[in-house]
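# just the structure for this:
(one chain, ligands or ions: 1)
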Amino acid sequence: MSQTQVSALVNTLDDYDSIIGSAEIAELRTLAARLRGRTVQMVNSTAIGGGVAEILNRMVPLMQELEIGVRWDVITGGEEFFAVTKAFHNALHGEGYHLPDESFKTVLANAEQNRARLHFDCDFTMIHDPQPAALIDARPKNGGHWTWRCHIDLSQPNQKVWNFLAPFVNRYDSAIFSSPAFSRRLPIPQYLFYPSIDPLSEKNRELDPEIVDQTLARFDIDANRPIVTQISRFDRLKDPVGVVRAYHIVKRYTDCQLVLAGGGASDDPEGDAVLAEVREAAGKDRDIHILDLPPSAATEINALQRASTIIVQKSLREGFGLTVTEGLWKKKPVVASAVGGIPSQVIHKHTGMLAHSIEGTAYQIRFLLSNPAIAQKLGENGHEHVREHFLITSDVRRHLTLFLHFLRPN
Ligand code: UDP
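Down below sits the predicted model:
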């Protein structure tokens, strides 16, 4: 069994002292001491691309430093499986489901294959998102505590897909959601855990301004004119074409450039088609920069976010939106759709601006471009909001507390 390798840039817990303070670090060590020798298994469907991989890449080394025996396994699957699970993803976010009933068999067959391939022998097993949810069948008799962590907005799921998934979810010992609105009527305890970012990762650490300038030059972006940016996988639910339309409205009144940067995730087969749609919508406008980035482009994303005047996240549906968290952490004014977990992060007129349409997004972008002092204040508030709620260290603390809770008798 091959375990997933985590990112090379590894910081130690003490490196977080200047960000969260020594008391919080001491708390993590105290909690972890009571879990020493315990084992944790994280399972998801991609090692690169997307928010879950982003979190696990940082959480796993931190837990290892705390001497918890954590390992991260990624399920494997063919094209057909990931086409079905992408359709699941969209359907659970509330879209229609148009695949034949045989598609459910593809998911079951995949679970069977991964069940044979992976070992399940840990005290705590955490299965992330719907793709591997059927692995619950692999739980050994009297096996450890199994939790399903759901990162997507389940508030209005397509009933057919949810009816397929729910019997698996019901058999877990507990479930974790990213927002109270996503919880479902389940016979198991449910917990609220916000997703998180690592302030010291390559994606988020402070950058030398020279690197920011070099990145802009490399992509032929003008550092002297406003830059409006959306970083996202090329996915219709991120509405990149809607961002282009909002930009067209803004551009009638205010000079600016648009950066749409993203790449694919190995479990997302729709990226190429969406990228083509975005290119078509952008036409020949030289102020629209569509960047198809490789998964290794963390520093580039960091630099693009830091160079931006405004960060946009115009998702039609969104589990949480780590790209919003990343923008807020960099003290950027964020304009984002009021969907899914985004309003937990963007508190309207306090940590950013919420919008409900293309026109609304354009309006808020224009407003912030003409009110830099307000934009700056939003960014500062956003940074503090992230520090308080959405850092990886808080996410680790919530995990440790939950594991200790699971160990209590009865
Ligand atoms: N991301 C990336 N490269 C890309 C697009 C996105 O590294 O080309 C990162 C982005 O910076 C963020 C994560 O992937 O950390 C996306 O998480 P989010 O919750 O915003 O959306 P998801 O892709 O999980 O739906």
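
# nearest residue to the spatially most central residue of the chain in space, please, no chain neighbours.
For the chain, the residue nearest the mean C-alpha position is Gly51 (2.5 Å; Cα atoms, centre = their mean). For Gly51, ignoring the flanking residues on the chain, the nearest one in space by Cβ to Cβ, 6 or more residues apart in numbering is Leu322 at 4.3 Å. Every residue, glycine included, has its C-beta placed from N, CA and C.

# isn't that neighbour up against Asp198?
No: at 10.4 Å, Leu322 does not count as touching Asp198 under the criterion of Cβ atoms under 8 Å.

# measure the closest residue to the ligand within the stretch 1-150 of the chain to Ile231 for me?
Nearest to the ligand in the stretch 1-150 of the chain, going by Cβ to the nearest ligand atom, is Gly51, at a distance of 2.9 Å. Using Cβ to Cβ, to the nearest Å, Gly51 is found at 12 Å from Ile231.

# how about the lengthiest helix in the chain as PDB, C-alpha atoms only?
The longest helix of the chain (DSSP state H) is helix 372-389. Only the C-alpha atoms of helix 372-389 are listed here, as PDB (Å, rounded to 0.1, in the frame of the first residue of the first chain):
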ATOM      1  CA  PRO A 372      -9.600  51.600  -1.300                       C
ATOM      2  CA  ALA A 373      -9.700  52.600   2.300                       C
ATOM      3  CA  ILE A 374     -12.900  50.400   2.900                       C
ATOM      4  CA  ALA A 375     -11.200  47.600   0.900                       C
ATOM      5  CA  GLN A 376      -8.200  47.700   3.100                       C
ATOM      6  CA  LYS A 377     -10.300  47.600   6.300                       C
ATOM      7  CA  LEU A 378     -12.200  44.600   5.000                       C
ATOM      8  CA  GLY A 379      -8.900  42.900   4.300                       C
ATOM      9  CA  GLU A 380      -7.600  43.500   7.800                       C
ATOM     10  CA  ASN A 381     -10.800  42.300   9.400                       C
ATOM     11  CA  GLY A 382     -10.700  39.200   7.200                       C
ATOM     12  CA  HIS A 383      -7.200  38.400   8.300                       C
ATOM     13  CA  GLU A 384      -8.200  38.400  11.900                       C
ATOM     14  CA  HIS A 385     -11.300  36.400  11.200                       C
ATOM     15  CA  VAL A 386      -9.200  33.700   9.600                       C
ATOM     16  CA  ARG A 387      -6.700  33.800  12.500                       C
ATOM     17  CA  GLU A 388      -9.400  33.200  14.900                       C
ATOM     18  CA  HIS A 389     -11.400  30.400  13.200                       C
END
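
# tell me which residues in that helix are buried?
For helix 372-389, burial by neighbour count (16 or more other Cβ atoms under 10 Å) applies to 375, 377-379, 381-383, 385-387.

# dump the residue contacts of Leu99.
Residues near Leu99 by Cβ atoms under 8 Å, 6 or more residues apart in numbering: 84, 87.
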